[in-house]
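**Q** Sequence and predicted structure below; questions after.
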Amino acid sequence: MNIVVCIKQTFDTEAKIALDSQGKIDSQGVNLIINPYDEFAIEEGIRLKEQLGGEVTVVSLGGERAQEAIRTALAMGADKGILVSDPSLEEVDEWVAAEVLAKAVEGISYDLLLAGRIAIDDGSAQVAVRLAEKLGVPSVSSVLKIEADGEKITAVREIDGGTETLEIPLPAMVTAQKGLNEPRYPSVAGIMKAKRKPLNVVSLADLGLNAGDLSPKMVVDSTALPEARKGGRKLEGEPDQVAKELVQLLRDEAKVI
């Protein structure tokens, strides 16, 4: 089974986010990692390869630093990587990302597409399903368990209040939910092997795309950090007086009632 895993490099969940002079997120000195949900997708791809044979190709788009994320996936056990890197891709929306990834994936023989269900930086959960639509394959999201036989997969996915079991013909797109598996750590041997595995860096021109045709459908006007948390307040006095003051604060200051 040939598997393609789409990944994204994101800020470390422990990183302290700051804005630069232009009001954009400053990535200088910030540790970047593989989007945690994408790690479940990588692990599942490797497990299916180990079970059924084939190979795992990791695909991403981003700047030069995104090679670090792909190399980590290769160290985990993926076989090869493709990075779409182009100056015009510094700021993309979900539509552009899906269009570019579709072109990159079209040149690969695949049976199954995997990705994380959501990225922790923008939280949109759109790119994978947009990519499936662009490629004309079925998709199932928030999957907790996968069984495959080479022609179809049986997937258990999370829904409100429970789970749902679906049977999907291949090729198909599956997005991974937390709990699908336990991602492995790259071993020393895996890290050494990853240095020799192919990682192909391509531009938009290499894919036959023109930056002028990839104008984002969504534009971010501004970015702002949340207001600093205020300290708690202790209300003192008689119970009826405190209750009255609390209701007033919840209505006038917190604006929750």
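**A** Looks like it came in fine.
**Q** Okay, and the closest residue to Arg117 other than its chain neighbours sits in which element?
**A** Distances taken as Cβ to Cβ, 6 or more residues apart in numbering put Thr175 closest to Arg117, at 4.1 Å, once the chain neighbours are dropped. Placement of C-beta: from N, CA and C, glycine included. Secondary structure assignment for Thr175, by DSSP states H and E: strand 172-176.
**Q** my read: Lys8 touches Arg117, true?
**A** No. Counting by Cβ atoms under 8 Å, Lys8 does not reach Arg117; the two are 12.0 Å apart.
**Q** The residue positioned nearest the centre of the chain and Asp149, how far apart?
**A** The chain has Ala119 as the residue nearest its centroid, 3.7 Å off, counting by Cα atoms, centre = their mean. Separation of Ala119 from Asp149 (Cβ to Cβ, to the nearest Å): 30 Å.
**Q** quick one on the thing from earlier: pretty sure the residue nearest to the centre of the chain sits in a helix.
**A** No. Assigned with DSSP: H, G, I helix; E, B strand; the rest coil, Ala119 falls outside any helix and is coil.
**Q** and the next helix or strand along the chain from the strand holding Thr175, what's its mean pLDDT?
**A** Next helix or strand after strand 172-176 toward the C-terminus (DSSP H and E): helix 188-194. Confidence over helix 188-194 (mean pLDDT, whole number) is 95.
**Q** Only the buried residues of the following helix or strand past helix 188-194, if you could.
**A** Next helix or strand after helix 188-194 toward the C-terminus (DSSP H and E): strand 199-202. Within strand 199-202, the residues scored as buried using 16 or more other Cβ atoms under 10 Å are 199, 202.
**Q** what do you get for stretch 151-167?
**A** Neighbour-count burial for stretch 151-167, counted by 16+ other Cβ under 10 Å, picks out 153, 155-158.
**Q** Please tabulate those residues in JSON lines and include secondary structure as additional columns.
**A** Output for the buried residues of stretch 151-167, formatted as JSON lines (three-state DSSP):
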{"residue": "Ile153", "secondary structure": "strand"}
{"residue": "Ala155", "secondary structure": "strand"}
{"residue": "Val156", "secondary structure": "strand"}
{"residue": "Arg157", "secondary structure": "strand"}
{"residue": "Glu158", "secondary structure": "strand"}
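**Q** Save those residues as CSV, and put in pLDDT too.
**A** Formatted as CSV, the buried residues of stretch 151-167 follow (pLDDT from 0 to 100):
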residue, pLDDT
Ile153, 95
Ala155, 97
Val156, 97
Arg157, 96
Glu158, 94
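**Q** Kindly indicate which of the residues you listed lies nearest Gly190.
**A** Among these, Ile153 lies closest to Gly190 (Cβ to Cβ), at 26.1 Å.
**Q** wait, isn't the closest one in contact with Val143?
**A** No. Look at Ile153 against Val143 with Cβ under 8 Å: they stay out of range, at 9.1 Å.
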